[in-house]
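Asks: Need coordinates for the below:
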Amino acid sequence: MRIAVTGSIATDHLMTYPGLFSSSLVADRLDKVSLSFLVEDLDIRRGGVAANICFAMGALGLSPSLVGAVGRDFDDYRSWLDRHGVDTASVHVSDLRHTARFLCTTDADHNQIASFYPGAMSEARDIELAPVAARLGGLDLVLVGANDPEAMVRHTDECRTRGFAWAADPSQQLARMEGAEIRRLIDGAAYLFTNEYEAGLTEQKTGWSGEQILDRVQVRVTTHGAKGSVVERKGEPPIQVACAQEERKTDPTGVGDAFRGGFLAGLAWGLPLERCAEVGSLIAAHVIETVGTQEYEMGQARFLERLGDAYGPEAVADVAPHVRCPRP
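Replies: Numbering: from 1, shown residues only. A predicted model of the protein is given here:
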């Protein structure tokens, strides 16, 4: 299955605040917030939603095509992704701007405050998908992830025009985009990915109810944090998948991206939707156990053992013939 993943490619600056943000917020003064948090740690990591999703797929033995815009400072990052199975041949390199930056502070209760500098990402609006399809011999699915908003709309319109199936994954850009733009991203999508909060925001901004959204997408996938995920299709009972048990909780940054990478891997293998969500959940557990969105390592045997612990021997029997983790 030929999958292209479009979206942000960024460097993450991850900081840890030992207290709680809520203890510094005054309920009736939220219109004039001026706060500074003294953090204990700073980790600079590779990130960006599209790169994170592709890394997760590469960790399972696939070779997804990454589509996005970066700066000339991307060489080391490109080498890293290439070594981990990601096809970076369709990444656009800007002559003028740096690769995007994500700055995120996480408190003791895993709440997060983040900022994002787009940099070269603004040039993603100039990327055409047709050359990517020509290079790969076609495209079976395009994930339209959080990116320059104009790029997201352009990629969606091109998918619609050229007959490429697409998965809408607007995530962080939902807050910035208007209802008409969001409706344009969603209407006709093969898949819609959001977390629970984003699902409500999507309905609020589009003016569509959950039922109306299911009239417009084939599959709606909603993650609910520690409560797992729900996969919905019109006229079918919802599929509920529990979270795979994490061995420790270290940093939640990139958990949603990892889930999507695992879900797309399941689709590429032709697995049922329930299995796709289970694989996604297990990859997400690996991410929450580490600092950084691409710092986890998966061994084949241990991955299948954990899959069996979480979802039973039937899941292992379905996934084992496909998964190819780099480590034994």
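Asks: so who does residue 17 touch?
Replies: Listed by C-beta atoms under 8 Å, 6 or more residues apart in numbering, the contact set of residue 17 reads 37, 38, 39, 40, 105, 106, 107, 108. All C-beta atoms are positioned from the backbone trio N, CA, C, and that covers glycine.
Asks: Quick one: residues in contact with stretch 184-201.
Replies: Here stretch 184-201 has contacts from 141, 144, 152-153, 156-157, 160, 165-171, 174-175, 177, 202, 206, 210, 213, 216-225, 256, 260, 263, using C-beta under 8 Å, 6+ apart.
Asks: Okay, helices next: where are they in this protein?
Replies: Counting by DSSP state H, the chain has helices at residues 49-59, 75-83, 130-136, 149-162, 179-186, 196-206, 210-216, 255-268, 273-288, 300-311, 313-319.
Asks: Now do the fourth one against helix 179-186, angle only.
Replies: Meaning helix 149-162. Here helix 149-162 runs at an angle of 40 degrees relative to helix 179-186 (axes from the mean of the first three to the mean of the last three C-alpha atoms, to 10 degrees).
Asks: Which strands and helices lie in contact with helix 149-162?
Replies: strand 3-6, helix 130-136, strand 141-145, strand 166-169, helix 179-186 (3 or more C-beta pairs under 8 Å, 6 or more residues apart in numbering; DSSP states H and E).
Asks: Then the longest one?
Replies: Packing contacts for helix 273-288, counted by 3+ C-beta pairs under 8 Å, 6+ apart, involve strand 229-232, strand 239-241, helix 255-268, helix 300-311, helix 313-319.
Asks: Out of those, which one sits most buried?
Replies: Greatest average neighbour count among the helices and strands packed on helix 273-288 goes to helix 255-268 (a mean of 27), per mean count of other C-beta atoms under 10 Å.
Asks: Next, the angle helix 273-288 makes with that one.
Replies: Using the same axes, to 10 degrees: helix 255-268 against helix 273-288 is 140 degrees.
Asks: Give me the helices and strands touching helix 255-268, please.
Replies: Helix 255-268 packs on strand 3-6, helix 49-59, strand 141-145, strand 191-195, strand 219-223, helix 273-288, going by 3+ C-beta pairs under 8 Å, 6+ apart.
Asks: what is the rounded mean pLDDT of the fourth one?
Replies: Okay, so that is strand 191-195. Per-residue pLDDT over strand 191-195 has a mean of 98.
Asks: can you check the first one too?
Replies: Confidence for strand 3-6, expressed as mean pLDDT, is 98.
Asks: same deal with the third one?
Replies: Over the span of strand 141-145, the pLDDT mean works out to 98.
Asks: And the last one, by the same measure?
Replies: In this model, helix 273-288 has a mean pLDDT of 97.
Asks: now the angle from it to helix 300-311?
Replies: Going by the same axes, to 10 degrees, helix 273-288 makes 120 degrees with helix 300-311.
Asks: Which residue lies nearest the spatial centre of the protein?
Replies: residue 257 (2.6 Å; C-alpha atoms, centre = their mean).
Asks: looking at it, that one is touching residue 294, isn't it?
Replies: No - with contacts counted by C-beta atoms under 8 Å, residue 257 stays clear of residue 294, the gap being 9.4 Å.
Asks: Give me the common contacts of these two.
Replies: Residues within reach of residue 257 and of residue 294 at once, by C-beta under 8 Å, 6+ apart, are residue 52.
Asks: Single out the most deeply packed of the helices and strands packed on helix 149-162.
Replies: Ranked by mean neighbour count, these are led by strand 3-6 with a mean of 28 (mean count of other C-beta under 10 Å).
Asks: Quick one, grab the pLDDT at the nearest residue to residue 298 once chain neighbours are set aside.
Replies: In space, and not counting its chain neighbours, residue 298 is closest to residue 325: 4.7 Å by C-beta to C-beta, 6 or more residues apart in numbering. In this model, residue 325 is scored at 93, pLDDT.
Asks: give me the number of residues near residue 325?
Replies: For residue 325, the neighbour count with other C-beta atoms under 10 Å is 16.
Asks: now do residue 138
Replies: Residue 138, neighbours per other C-beta under 10 Å, totals 10.
Asks: Check the gap between it and residue 77 for me.
Replies: Going from residue 138 to residue 77 by C-beta to C-beta, to the nearest Å gives 27 Å.
Asks: Hmm, residue 172 is touching residue 147, no?
Replies: No - if you go by C-beta under 8 Å, residue 172 and residue 147 don't touch, sitting 9.7 Å apart.
Asks: Are there residues contacting both of the two? Which ones?
Replies: Joint contacts of residue 172 and residue 147 (C-beta under 8 Å, 6+ apart) are residue 49.
Asks: These two - which one has more neighbours?
Replies: The neighbour count for residue 172 versus residue 147, taken as other C-beta under 10 Å, is higher for residue 147 (33 against 17).
Asks: State the phi and psi torsions of the more buried one.
Replies: Residue 147 has phi and psi values of phi -160, psi -170 when expressed as degrees, to the nearest 10.
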